[in-house]
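S.K.: got a structure for you, letters missing:
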C-alpha cells in the first residue's frame, strides 16, 4: 500500500498516448466507468499515459474533487467488507491499490508539472488541493480496519515461499510498518492523533513553500557581466543560454520579489520543519527524527551511519587536504588560469528532453515512475520519467552535453532500469517501490561506472559535426579526472550526509544553536580545509532534506555507493574486456538487482548477485583512496 506522496519529484515527457489493458476487476472497472462519465478531463484517464499537451492547471481541481469523492465511497465499502470477513491477501492490498491508483496518477502528474513547468495558475491549483490529498493519504494510513486486516493476512501466511510469496510478504510488512509510522496506533479523536495530523498537513505546506522559494529566488537572480574576461573558461553553451534570458523577465521577477517578500525566508521554514519533525518523532515513540527515518532503512542505527562515514572520512580527509594544496599551488603558478571545459571535443547529442529551464523548472535531475508494473491494475509495461537539467540547444547548435551531464543521464537511467526491468508484479514492491531508501541509489550509481568504460564511451563519444571519435588522449584525461579531487568530493558528500543526520538527531531546534552553527560544526569534522563563510546559506536551498525525500536519508548516497562500487567490482573481476564474462555478470545483475525490486530485502538481493555482503574496498579503490 502506498501512503500517497506529496513530494515535488515530478517530471515532463513528450506526448504519448499508448493505452494500457484494463485489469479484469469488477471493482476497478466500476470506478473507471464512473469517472469516465464525469468529464473528459485528461487527469482522469488513469489507464493511459499522461497526455501532457492536453493538460492545463484548470483540470486539477475538478479531477481531484471527482477522484476523492469516488475514493471516499470505494474505501468505505472496502472497510465494511474487511470488518465483517476474514480476508486473504487478494482481498486487501490489490483492492487498496485499485482505489488509490486514480489519485496517485492525477496527483503524480500535478507534482510532476509542478517540478518542471511551474506557473502561478498551477501553484494555486496545487495548493488548493494539497490538504485534501494529504487527508486522503492519512485516511488510508490510519485505518484500523485496514491495519487489522493486514495483520490477519500477515499471521496467516502458509505454503512455499516462491518469489510471488516473497513479494506479497514484503508488501504486507512494508504496509504495516508505514501505517505504524503514519499514526495508525493513535485512537481517533485523541490529542495525539489530532496533533499528528496537524503536523502532517503543515509539512505539506512547508515543503511546497520551501521549493517555491528556491525556484523563485533562482528565477529572480541576475548578474550583469560587461567584461569578456570575467567569463573566460565558461563553456559556450552556458554563455549562449544565459544570453537568451530576457532582461525584462528578470526585472519583472525582481519587482515581484519586492512586492511579496513575506514567507520567502527559508530559514524560518527550516526551523519550523525541524521542530515539527522532532515533535512527530516523539509522538511515535522515537528519540529523534533520524531514528524514525532509519527504522525503515538498511542502516540499523544512527551509530552505523557514523561508523561508515568516519571510515571513509579517515581515508578521504588526508587526500582532500593534499588535493586542495596541489590545486592552490597550481593556480598560483599559472596566475589564476583555470581548466576550461571547452577544450574537450563536442559530444554527439543525445535526444533527450527536457533541458534546463531555470524560469519554471527546479534544478537537479531525477527519475520517477509514470506507470508502475502491477498485476492488480493490469499494467505490464512500466514507464519511467527521466528528468535532467542538460544544456539546451542554443541558436542553430544542438544540445552538446558536458561529461558531467552524461554521467547524470547514466545515473538517472540506472533508476529507470530498475523501474522498467522489474519482474515483480505486486505494485507496492515492483521496480523502485518498496526498496529501502539507502539501497535505491545502487543501480544509479552503478551505471555511472560505465562512463569510464572505453567501449561504452566510444559507442557515443563522437564530434557532433565531423563524426570523429573522441581522441584517445581525451579519454585518458577523462579517466584520470575521475579520481582528481575525489577526496574533497567524498568529504563534501560526507558533510552533507552527516549534517543532515546531526540536524535530525542531536540538534535542538529550540536551543540557542542555529542551523548554520551546525553546518560550521560539522564542516570542522568533514571539511576543515574549506569552512563555510559567515554568509553561507547553503541549507536554505538544500531541497533534498527540506522539500524532497532525503530528510535523515542523505547518507544513503554513500551507503548505496559502497554497494554499487562492489557490484561493479564483479564486472572488473571477470575483466571489462571479457565480453562474454561481462555479458554473463550483466545478466546476473539484471536478474537480481534490476529485476527483484522491493520484493526481496536489499541485502538478500545483493547477496544473490555478489554471493556475500558488500565491502567498501571497491569504493575506496575507485576513488583512489585505498
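M.R.: Arrived safely. Note that this is a predicted model, so its numbers are computed, not measured. Numbering: from 1, shown residues only.

S.K.: what bits of the protein have low per-residue confidence?
M.R.: 1-39, 237, 241-262, 334-349, 351-354 (pLDDT under 70).

S.K.: which residue lies nearest the spatial centre of it?
M.R.: The chain has residue 366 as the residue nearest its centroid, 5.7 Å off, counting by Cα atoms, centre = their mean.

S.K.: surely that residue touches residue 384?
M.R.: No: using Cβ atoms under 8 Å as the test, residue 366 is too far from residue 384 to be in contact (10.6 Å). Just so you know, the C-beta spots here come from the backbone N, C-alpha and C atoms, and that holds for glycine as well.

S.K.: what's residue 369 sitting at in phi/psi?
M.R.: Dihedral pair for residue 369: phi -90, psi 130, per degrees, to the nearest 10.

S.K.: please shift the residue numbers so they start at 23 in all later answers.
M.R.: Right, with 23 as the first residue, what we last looked at is residue 391.

S.K.: grab the nearest non-local neighbour of it.
M.R.: residue 441 (5.5 Å; Cβ to Cβ, 6 or more residues apart in numbering).

S.K.: the one you found and residue 427: what is the separation?
M.R.: 21 Å (Cβ to Cβ, to the nearest Å).

S.K.: these two: who's more crowded?
M.R.: Neighbour count, other Cβ atoms under 10 Å: between residue 441 and residue 427, residue 441 has more, with 27 against 22.

S.K.: so the more buried one, which state does it fall into?
M.R.: helix (DSSP: H, G, I helix; E, B strand; the rest coil).

S.K.: give the contact list for it.
M.R.: 389, 391, 394, 404, 406, 453, 454 (Cβ atoms under 8 Å, 6 or more residues apart in numbering).

S.K.: next one: residue 568
M.R.: Contacts of residue 568 by Cβ under 8 Å, 6+ apart are 229, 232, 288, 291, 292, 295, 561.

S.K.: just residue 584 next, same as before
M.R.: So residue 584 contacts 330, 636, 637, 638, 641 (Cβ under 8 Å, 6+ apart).

S.K.: and residue 151, how close does it get to residue 82?
M.R.: 6 Å.

S.K.: repeat that for residue 254.
M.R.: Distance from residue 254 to residue 82, by Cβ to Cβ: 46 Å.

S.K.: what do you get for residue 226?
M.R.: 15 Å.

S.K.: looking at these two, which is more packed in?
M.R.: The neighbour count for residue 226 versus residue 82, taken as other Cβ under 10 Å, is higher for residue 82 (24 against 18).

S.K.: can you say which helix or strand has the more buried one in it?
M.R.: helix 82-105 (DSSP states H and E).

S.K.: would you map the strands across the stretch 473-622 of the chain?
M.R.: When secondary structure is read from DSSP state E, counting those that start in this stretch, the stretch 473-622 of the chain shows no strands.

S.K.: ok, the stretch 73-222 of the chain next?
M.R.: So, for the stretch 73-222 of the chain - with DSSP E, counting those that start in this stretch - there are no strands.

S.K.: so residue 65 is in contact with residue 80, correct?
M.R.: No: distance between residue 65 and residue 80: 10.6 Å, which falls outside the contact criterion (Cβ under 8 Å).

S.K.: more crowded one of those two?
M.R.: residue 65 (27 against 12).

S.K.: give me the three-state assignment for that one.
M.R.: Applying three-state DSSP: residue 65 is helix.

S.K.: check contacts around it.
M.R.: 77, 81, 82, 85, 86, 127, 128, 131, 132.

S.K.: separation between the first one and residue 135?
M.R.: Computed as Cβ to Cβ, the residue 77 to residue 135 distance reads 7 Å.

S.K.: try the second one
M.R.: Using Cβ to Cβ, one obtains 11 Å as the distance from residue 81 to residue 135.

S.K.: more neighbours, those two?
M.R.: residue 135 (24 against 20).

S.K.: how far away is that one from residue 633?
M.R.: Counting by Cβ to Cβ, the gap from residue 135 to residue 633 is 44 Å.

S.K.: and if you look at residue 565?
M.R.: 38 Å.

S.K.: same check, this time on residue 308
M.R.: 35 Å.

S.K.: look at the two and report which has more neighbours.
M.R.: Set residue 308 next to residue 633 and count neighbours by other Cβ under 10 Å: residue 308 wins out with 17 against 8.

S.K.: any idea which element the more buried one lies in?
M.R.: Using DSSP H and E, no helix or strand contains residue 308.

S.K.: these two touch, right, it and residue 318?
M.R.: No: using Cβ under 8 Å, residue 308 is not in contact with residue 318, being 11.7 Å away.
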